[in-house]
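*Asks:* Model the structure of this input:
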Amino acid sequence: MRKIGVQIVVSTETDFDKEFAKVRDFGMASCQLCFWDPALYTDENAATINRCVKEYGIEVSTVWAGWTGPCEWNFTGGPVTIGLVPAAYRSHRIIELDKGSEFTAKIGVSTMATHVGFLPISPADPDFTGTVAAIRWLAQRMQARGQYFLFETGQETPVTMLRAIQAIGTDNLGINFDTANLLLYGMANTADALDVFGKYVMNTHIKDGFYPTDGLELGREVQVGEGLANLPAVLKKLKELGYTGHFTIEREITGDQQIKDIAATKEYLEKLFDELDM
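*Replies:* Numbering: from 1, shown residues only. Purely as a prediction, here's the structure:
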């Protein structure tokens, strides 16, 4: 089960050889590739990634696919800009995600994740039913490619996410379980969320953080082990659920401290694996 990985955020400046070498030098087995710019879904990038996977012995566990248009990571602009929930952006973003799925197939990866957005609690809300219909269309296309669509946790409560999965109704849906986002958005206790949707978890973002203390801004991300995510309880529950996926470290800062924190998180995870016999 010790499939520890890290997220690589891809841009026009990304040197894939350099990034895959970093993952190897960290002693990790995998990575997630995060694409925000659909223009990067090129045959040239696909060929380079396929070569790097072979040369460096690193598995791409999931493609994290973003979308264009405005995006505010807060409680004011967030509900009307993030993901597929805002009707103004839904149609072009679902097409961008379909292109992401096509690219994901070119690099031989079977899972693609994204933030769906602030899903309404009510199943009768037009933004809920519209988002469900859009994802169903995408999930069916991904199913034909042998792929799974993964919701990343964050802007919706665990019950709302479960309700959406049930409403979409295809059997190729899963969850990219971010262990900090449920806290940062004030949506749930991380470990308890697994009691609601644990069977759908197919990949992770290993992070830590605190609940919001301001009604307008998200909570604060911190180094793993310093927040409220309670990774020992989370990993124990994942083990009980029979989880066999990857543990993908995500530290949303930059510079030397990010590298130090990623290394420290890997060490922390390995210690927990030993204690939990995973």
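*Asks:* who touches Asn172 in this structure?
*Replies:* Neighbouring residues of Asn172 by C-beta atoms under 8 Å, 6 or more residues apart in numbering: Ala139, Met142, Gln143, Gln147, Tyr148, Phe149. (Each C-beta comes from the backbone N, C-alpha and C, glycine too.)
*Asks:* Now do it, the pLDDT please.
*Replies:* Asn172 is assigned a predicted lDDT (pLDDT) of 98.
*Asks:* Ok, Val109 next?
*Replies:* At Val109, the model reports a pLDDT of 98.
*Asks:* Looking at the contacts of Asn172, which are in helices?
*Replies:* Ala139, Met142, Gln143 (DSSP state H).
*Asks:* Which of those residues has the largest number of neighbours?
*Replies:* Neighbour counts for these were taken using other C-beta atoms under 10 Å; the highest belongs to Met142, with 26 neighbours.
*Asks:* For the protein, which segments are assigned as strands?
*Replies:* Assigned by DSSP state E, the chain shows strands spanning 4-10, 30-35, 59-65, 111-114, 148-152, 173-178, 201-205, 208-209, 221-222, 247-249.
*Asks:* Kindly reformat these as TSV containing mean neighbour count.
*Replies:* Listed next are these as TSV, based on neighbours: other C-beta atoms under 10 Å:
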stretch	mean neighbour count
strand 4-10	21
strand 30-35	23
strand 59-65	24
strand 111-114	24
strand 148-152	24
strand 173-178	25
strand 201-205	24
strand 208-209	26
strand 221-222	18
strand 247-249	27
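*Asks:* what number of residues lie near Gln257?
*Replies:* Using other C-beta under 10 Å, Gln257 has 11 other residues around it.
*Asks:* hmm, I was thinking of Thr129
*Replies:* Count around Thr129 with other C-beta under 10 Å applied: 14.
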